[in-house]
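Q: model this:
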Amino acid sequence: MSRLADRYIVADTLSEAWLDAVRLLHDDPSHKVVHLVVRILRPPAEEKSIRDAADSLIEEWNSRSPTKREKPAVDTARNTIFPAAWAHRLPEPAELGEYYRSRYAELCSHRDNERGTYFGRMVAYPRADGGEADQLADTVRKLRQELATPGPKSSRYEVNIYSERQDRNPMSFPCLAHLSLHLHQERLHMQAVYRNEVMVGRAYGNYLGLAQLQEYMARACGLDPGELLVTVNHAEIDGPVGAVARMLEGLAS
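A: Numbering: from 1, shown residues only. Below you'll find the model as predicted:
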């Protein structure tokens, strides 16, 4: 098991953060760790060589495992957290949420989305009264209201993904449980809490989705995005270790 200090990663870009996390897990004999903390200083930024390596690793896994459920491409995993193309057309969060809800039933008809999507939980969270809450629009509204005051509150911006009503027996969904946002020095910072994360099939797309969601919310409030902190209760290498080793060697050289 890695020492606690080894499980705290600080990186400039989301690409470097993902690579450092993969390297940490690869070097651990069990290829699994608990309480992994990843701090990304410039979350929207990527490194092309690392992104290409992440894409290639998923493609290799899928080509070697034709009889198993394929791992989603990076952009596919990203879209479960943040529908980037739709958000580009709809910069107002309330409009994006309304459009997403109009397509949500169709999205949930896909096999991998049978229990919903993370972004769906943000804009159509199941309320106790049977209705739905648009947490994205509500959170941006709170931020705008606070920013219009002389002393905006720093910490009252929470977004739930896990639902006690619907997720009493959570299997693969939702691994992302909660988002917390924080105002500090005119930037919007975000923490994401995962109960479990797989590093090959999901993590890069997750980091990308979270970073772009954070940037979208910040821009909607006239802010710059701050740091992204990802806390994972259990993380593991979910692909062939040999392929991961070759990727690490290739990037190192």
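Q: Just give me the longest strand of this protein.
A: Counting by DSSP state E, the longest strand found in the chain is strand 224-236.
Q: In three-state terms, how would residue 19 be classified?
A: Following DSSP: H, G, I helix; E, B strand; the rest coil, the label given to residue 19 is helix.
Q: buried set for stretch 177-186?
A: By 16 or more other C-beta atoms under 10 Å, the buried positions in stretch 177-186 come out as 177-183. Using the backbone N, CA and C atoms, a C-beta is placed for each residue, glycine as well.
Q: average pLDDT for it?
A: Stretch 177-186 carries an average pLDDT of 96.
Q: How far away from the center of its chain is that stretch?
A: 14 Å (C-alpha atoms, centre = their mean, to the nearest Å).
Q: same check, this time on stretch 177-188
A: Using C-alpha atoms, centre = their mean, the offset of stretch 177-188 from its chain centre is 14 Å.
Q: And for that stretch, what's in contact with it?
A: Applying C-beta atoms under 8 Å, 6 or more residues apart in numbering, the contact partners of stretch 177-188 are 122, 139, 143, 146-147, 152-155, 157-162, 189-195, 210, 214, 217-218, 221, 223-226.
Q: Give the residue spans of the stretch 51-200 of the chain that score low on pLDDT.
A: Counting by pLDDT under 70, the ranges of the stretch 51-200 of the chain that qualify are 65-69, 169-172.
Q: Buried residues, the strand or helix carrying residue 208. List them.
A: Counting by DSSP states H and E, the element that carries residue 208 is helix 204-220. Judged by neighbour count using 16+ other C-beta under 10 Å, the buried positions of helix 204-220 are 204-218, 220.
Q: Is the closest residue to residue 219 other than its chain neighbours in a helix, a strand, or coil?
A: Distance criterion C-beta to C-beta, 6 or more residues apart in numbering; nearest residue to residue 219, sequence neighbours excluded, is residue 91 at 7.3 Å. Here residue 91 is coil, with the state taken from three-state DSSP.
Q: what separates residue 91 from residue 136, distance-wise?
A: Separation of residue 91 from residue 136 (C-beta to C-beta, to the nearest Å) stands at 12 Å.
Q: Grab the nearest non-local neighbour of residue 229.
A: For residue 229, the closest residue by C-beta to C-beta, 6+ apart turns out to be residue 191, at 4.4 Å.
Q: Spit out the contact partners of that neighbour.
A: Applying C-beta under 8 Å, 6+ apart, the residues near residue 191 are 179-182, 228-231.
Q: same thing but at 10 Å, please
A: By C-beta atoms under 10 Å, 6 or more residues apart in numbering, the residues touching residue 191 are 37, 39, 178-182, 210, 227-231.
Q: Considering the residues you listed, which is situated nearest to residue 112?
A: residue 210 (18.5 Å; C-beta to C-beta).
Q: Surely the closest one is in contact with residue 43?
A: Yes - counting by C-beta atoms under 10 Å, residue 43 is a contact partner of residue 210 at 7.1 Å.
Q: tell me, what's touching the two both at once?
A: 14, 190, 228-230.
Q: In which helix or strand does residue 189 reside?
A: Going by DSSP H and E, residue 189 is part of strand 187-194.
Q: Show me how far that strand is from its chain's centre.
A: With C-alpha atoms, centre = their mean, you get 10 Å for strand 187-194.
Q: Give the pairing partners of that strand; include direction for each.
A: Paired neighbours of strand 187-194 in the sheet (DSSP bridges): strand 176-184 (antiparallel), strand 224-236 (parallel).
Q: Just want the angle from the first one to helix 204-220.
A: With axes from the mean of the first three to the mean of the last three C-alpha atoms, to 10 degrees applied, the angle from strand 176-184 to helix 204-220 works out at 40 degrees.
Q: from the chain's centre, how far out does strand 176-184 sit?
A: So, by C-alpha atoms, centre = their mean, the centroid of strand 176-184 is 11 Å from its chain's centroid.
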